[in-house]
Structure formats: C-alpha cells, structure tokens
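Enquirer: Next come a sequence and a model predicted from it.
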Amino acid sequence: MHGKTEPQGMVVQEGDAVAKATPEKGWNQGERIHDPSRTLRVLFVDDEPAICDVSRIFLQRQGDMEVVAVHSAFEAQRALEEQTFDVIVCDYQLCEVDGIAFLKQIRREGNEIPFIVFTGRGREEIAIEALNSGADYYLQKGGDPKSQFAELAHFIRKASSQREAERRLQESERKYRHVVEDQTEFISRFLPDGTHVFANEAYLRYFSKTREELLGKVFRPEIHPDDQTLVTRFFASLTPEHPVDFVEHRIIMPDGRMRWQRWSDRAIFDDQGQVVEYQSVGRDVTDRHEAVEALERSERRLHAIVRGSPIATFVIDQHHRVISWNHALEVHTGISGDELIGTTDHWRAFYEQKRPCMADLLVDGDTAHITEWYPGKWARSALVENAYEAIDFFPRMGKEGKWIHLTAAPIVDERGTIIGAMETLEDITPRKRAEDRLLESEKRFRELADLLPLVVFESDAEGMLTYVNRRAFESFGYTMEELREGISLFEVIHEKDRERARAGFSATKEGPVPEKDEYTGVHRNGSTFPFTVYMGCIRREGVFHGLRGVVIDTTEQKMMQEIEKRAFEQIEKNINQLSILNDHIRNPLAVIVGLADMEGGACGEKILVQAREIDRIITTLDMGWLESEKIREFMRKHYGVGENEKKG
C-alpha cells in the first residue's frame, strides 16, 4: 500500500541516555504495553563482577525482572544457547570481544532479541554504530545509581514490549498472509496506473504469472470489448462516500478463451480524496454464467415446446403468476395468454368466482385441501411423480361446457424447493359422452336382464362373479353386499360337480367354450337344484378376461320329463294290452261266425250280423293301435320320449 514511510530510528538524548525511538510512539509506550505481571528475564553482560552484582540487585528490586549476569561475550553466547531471555544488557568494552561485535554476531545468526548497550563510553560515534548494528537503546553509565538503574529498567521494559508488539504484529501478518494465500478467490492490490503491489497465489495461478513477473509491474487483464465501458464507469463510480462495489465482466484470456469474473473492489483514498490504491477480491463465475445461459436456453426451448404443444397447458411460478399460457389453451378457453401472463387471474378461464386451481394447491404444498376443491374427482397420478389428476366439468368452456381431464405437477429446483407448477388440460368431452352413452346402454341392459326369468352373470378371469341380475339373487339366495365382498362361480356349484366345473373353466381360457353344460346348484341355505348353463368367453384383444352366460333352473323341466316318461310308459302298456285284447277277441269271434254259418236260418243270420259288427269294431281298434304306434315313433324321434325304454 502507498502511505507514510516510517524512519529507521533516531538518536534522542535524555539526560545521560541515548535511545532509539519512533516519533509516533513516544517514551511511554513501553510502560503502556508491558504487562507488569510477567517476569522479564535479562541477560546482563559486563566484564566487571562488581557492576554485574550491583546491576542485578537494582534490577531485581523492580519486582518484575530476573537477571542472569555473565562476564564475557563467550559466556553470553553459551547462556543464549541454553536459556531463554527477553532482553540483553551489554557493556561496550569487554575483555575479548566488545559489545558491538557481540551484537553483530547474534544479529547475523538471526536473533532479534532486544539489545541495550550499557557502557561508560559516551562518544557519539559509538552510539551511532550501536544503533546501526541493531541495538535498540544506548545508555551511558554514570550519575545517580538509583536514577540510572530506574532508567535502565524503563528501557528494558520498553525494549521488551516493543519487540513483543513487533512479534505479535509479525505473527498476525503471517496468519493474515496465510489466510489470504489460502483463499480460492483472487486477491490483489494495485495502484491507479495498474502497478500491482500484492497478489495471492490464486490470482497468480489464474493469470499464469509469477510474483517476479507481476509485483511492481503494470498489469491489466484484457477486458472484453463489450464490457470496457462498463468497467471504466465502475471504477469511476467509486468515491470516498461509496468506496466499495461489485462488478461482473468478461475478460479475454491469453489463449483466447472468454471468462466471466465477479470482483469486489475497494478504492483507498488519501486525505485529499484522491485514489491511491485499489484492493480487489474476485472469482471466476464463468460456470455460473454458462449455467444461467444454459438454463435460459432450456427455458426458451421449454416455452417453445409448451407453446406449440397440442395439449392445453399453463405454468405458474411460486407466486401464482402465470408465466406460460399456450396456444391450445387459448383455443379451449377463448382467452389470450397476453391477458393472463404476469397475473394471478388464470382462474377466470375456468370458474365464475376466484378459487385455486390444482396447480395453485401444489405451489402452496396444500395437497390436503384437494378433496375440498375437487371432491370425489381427483387421484394421484400413476405416471408423474407428485402429480395429481382430476376430471371435472367446466360449463364456461365452449358452447355447452367441456369435460376436462386435468393433471398438475410441481416444478422444483435442484434443492427440491417448489418454484412453480404446470397444469395440463385434456378435453375428454367426446370420450365422456361416449362413456355416458355406454353407461346408459349398460343401464338398459341391466334393466332388461333384471326382467328376464333367467339368471344372467359375468365373471372375471379368476372365476369371481362381477355381475349378476336380480333373478340370480333370488335363485341362489345371496345379497348384493355378499357379491361385492366376493363370490366365486364354484361356490354356487355342488361339490360333486365342482372339480368338473373348475376343469371346464380352465380349459375355456385356452380352448372353445362348450355350448352348454349341466350342474347341480347350491342355494345359500344348502338346498340344491339342477341347472343348465349357456356360456361365452369375454376376450379383449385376444386375452381371456372371464365368462358371461345365462343359467336356467331345470327343476320343473326335470319334473315334466318324469311325468312324460310315466305317461308314455302307460300308453305303451295300453297299446300292448290292446293288441293282446284284439287277438283274444278275434279267435272266439271266428268260432262264433263259423257256428252261426253252420246253423243257418234267421237266428244264424242275426248272429252273423252282430259278429260282423264286432269285427268292424276290432278292425277299428287295430287301426287305432297302428296310429298309436306311429305317434309313439314320432315322439321318440322328435322329442326322445321313451328312447331310453326302447334302448333298454
């Protein structure tokens, strides 16, 4: 950053003391920073043992210092290797190596411990050499010992505090630099002319620069031509009252690629309001822009698809505003999309008064109230997840109203949050009317079936009854409730015929259906009766779906057959007896006629007349017998009456 330059140090004379200080800090800073609860460890170096002893006593009386005294630079060096100290107080003139040489040695080794030259020499050139070699203070011995050691203690505290402050500042700067360097954002500082004074690793990597290539050099990324005016105006908008703002723009990379960047720039001003530096934090947002552009393209394609779809469709956002109203829906409703897009008035196309459509309920997540608005008309979609369907009549649509099959589905973002809903409307009026006609036809069929004196039934592919007429309930004794609970065909057939019935049903699934069959039925009360069943298969697209047929109770028929059998047996018996009777009469009559003819005379003649009459009667009976034989054969041939007896 550009700012005031701090001096290396200056010599200040206070009494007999020469010290290095900064004008901004003043002499009291050491006292202000030093923590008196902390004990300072002082390494005191002087080749005169008496000075060492006196100095240790005076300094340790301060209460916050611990003094280790040594008599040479060699001993001091060894003490530094073995122990830790906060400050070194060293005499200038030592036996082997003087204090300045010792100071230079430890500074060469990188040791920045505070160093105070405490000597009897008072020449200015020694003080300057000491300060230039890295000493923090230069204090001349002499004068009142109490005041002198108080001043030395003051310099010790101050030197220690300053070094501790510098250490903390360096540590803070180090941590700050690590934080900055570890950021994935691009961080830089540059002057108004583009000269960079700082850049973190992310910035250097992004622009393929080294620190040597960038710092202290003018560097300006190539701004996309269409964004150059934007960037110029952006930097011009930064003022002392408004020093920080954001900008997004494109740059041209060295390889020709175009990238999007988002920058947060802070302008730093001097006291005259002039920009002296900029601090920028940025990131590459190309992926976001490309995603937005891809989304916009996708939305345009989706809008085009929805707009051109033959299925009437509208889309609302999370605020129930119409964002799409396609042409097919305009045709159905007679309302232009221009009237509704951007509004929440889509209900007007369907209802007299304002109320939620299915899409509105899904946007609000209010599926619990679907039943309230679509009672008995709705269901969950079997095809679309989280979608709902309903069939309703809309009298406002068309001249006579329309039956509409509507499907509404929520639109969610990548986090699963509902951001809108789409509703499609299919005109099923022709189908609904055809269904109504079919229902009317079925109603007439059922009414006619209920008038028949026969049992009419239908079953599914498993043999469970799905429909029976009223005569079936009367014949078998079951109720409609029991039929709804489930009744099998085989439950109403006697157990002696049940296996035969099951086998026939299984064979019917694949092969032809018998024209008729006879079984013994079982009434709900346990009584039995014979019946004949006439059946046909229910097949849809060649797949077996069940049976339908009629059942005839043959109880009376069986009784009539028994009566006919007995009557025929009696007729045959009578015919046989008649033939025998004729034979028995003709033989005696022949004898009588012969005797009368032999007798002659009037009496014989009368007998012959009566005999002839008897013969005529017998002949007539013979003719009747022959006719009876013909009738019997006719009945056997055409009605099967007496057939079993004949075979027997």
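Expert: All right, it came through fine. Numbers count the residues shown, from 1 in each chain.
Enquirer: A461 belongs to a helix?
Expert: No: under DSSP: H, G, I helix; E, B strand; the rest coil, A461 sits outside any helix and is assigned coil.
Enquirer: Can you check the pLDDT for G122?
Expert: Model confidence at G122, expressed as pLDDT, equals 64.
Enquirer: same check, this time on R539
Expert: pLDDT, read off for R539, is 89.
Enquirer: My guess is it contacts H545. True?
Expert: Yes: judged on C-beta atoms under 8 Å, R539 makes contact with H545 at a distance of 6.4 Å. C-beta here means a position set from N, CA and C on the backbone, and glycine is covered the same way.
Enquirer: Between these two, which is the more surrounded one?
Expert: When R539 and H545 are compared on other C-beta atoms under 10 Å, the one with more neighbours turns out to be H545, at 16 against 11.
Enquirer: does the more buried one count as helix, strand or coil?
Expert: strand.
Enquirer: residues in contact with it?
Expert: Contacts for H545 (C-beta atoms under 8 Å, 6 or more residues apart in numbering) come out as 460-461, 538-539.
Enquirer: Please identify which pair of these lies farthest apart.
Expert: D460 and R539 (12.7 Å; C-beta to C-beta).
Enquirer: Just the buried positions in stretch 184-202, please.
Expert: Within stretch 184-202, the residues that qualify as buried are 185-190, 196-200, 202, counting by 16 or more other C-beta atoms under 10 Å.
Enquirer: With distance to K146 added, can I get these in TSV?
Expert: Listed next are the buried residues of stretch 184-202 as TSV, based on distance: C-beta to C-beta, whole Å:
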residue	distance to K146
E185	59
F186	61
I187	55
S188	57
R189	52
F190	57
H196	56
V197	51
F198	51
A199	56
N200	55
A202	59
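Enquirer: which of those residues has the weakest pLDDT?
Expert: Sorting the buried residues of stretch 184-202 by pLDDT puts E185 at the bottom of the list (84).
Enquirer: Assess the claim that that residue and V285 are in contact.
Expert: No: E185 lies out of contact with V285 (C-beta under 8 Å); the separation is 11.1 Å.
Enquirer: Next, count neighbours for R250.
Expert: By other C-beta under 10 Å, 19 other residues sit near R250.
Enquirer: Now for it: which residues touch it?
Expert: Contact analysis of R250 by C-beta under 8 Å, 6+ apart lists 223-224, 226-227, 258-261.
Enquirer: Got phi/psi on S527?
Expert: Main-chain dihedrals, S527, degrees, to the nearest 10: phi -70, psi 160.
Enquirer: Just the pLDDT for it.
Expert: At S527, pLDDT is 93.
Enquirer: How many residues are close by it?
Expert: For S527, using other C-beta under 10 Å, the count is 9.
Enquirer: and it, what does it touch?
Expert: Counting by C-beta under 8 Å, 6+ apart, there are no residues that S527 touches.
Enquirer: For G463, which non-adjacent residue is closest in space?
Expert: Excluding the flanking residues, the one nearest G463 by C-beta to C-beta, 6 or more residues apart in numbering is L489, at 4.6 Å.
Enquirer: Would you check that the one you found makes contact with D460?
Expert: No: using C-beta under 8 Å, L489 is not in contact with D460, being 9.8 Å away.
Enquirer: shaky segments in the stretch 51-200 of the chain?
Expert: 121-122, 172-183 (pLDDT under 70).
Enquirer: For it, which segments count as strands?
Expert: Here the stretch 51-200 of the chain has its strands, by DSSP state E, counting those that start in this stretch, at 65-70, 87-90, 115-119, 137-140, 186-190, 196-199.
Enquirer: Which secondary structure elements does the top helix by length along the chain sit against?
Expert: Secondary structure of the chain per DSSP state H: the longest helix is helix 555-599. Here helix 555-599 touches strand 528-540, helix 601-639, helix 643-647, going by 3 or more C-beta pairs under 8 Å, 6 or more residues apart in numbering; DSSP states H and E.
Enquirer: pLDDT (mean, whole number) over it?
Expert: Here helix 555-599 scores 73 as its mean pLDDT.
Enquirer: re the thing from before, ok, the buried residues of stretch 184-202 vs V468, which is closest?
Expert: Here the nearest of these to V468, counting by C-beta to C-beta, is E185; it sits at 79.7 Å.
Enquirer: For E569, see how far away that closest one is.
Expert: 117 Å (C-beta to C-beta, to the nearest Å).
Enquirer: so when I look at I316, I'm seeing a strand, right?
Expert: Yes: under three-state DSSP, I316 sits within a strand.
Enquirer: OK, contacts around it?
Expert: Contacts for I316 (C-beta under 8 Å, 6+ apart) come out as 322-323, 344, 346, 359-360, 363, 420-421, 423.
Enquirer: roughly how far apart are S475 and F457?
Expert: Distance from S475 to F457, by C-beta to C-beta: 10 Å.
Enquirer: which of these two has more neighbours?
Expert: More crowded of S475 and F457, by other C-beta under 10 Å: F457, with 24 against 21.
Enquirer: any residues in contact with both of L489 and D460?
Expert: With C-beta under 8 Å, 6+ apart, L489 and D460 have no common neighbours.
Enquirer: Could you check which of the two has the larger neighbour count?
Expert: Between L489 and D460, counting by other C-beta under 10 Å, L489 is the more crowded of the two (21 against 14).
Enquirer: ok, now how distant is the more buried one from G337?
Expert: 57 Å.
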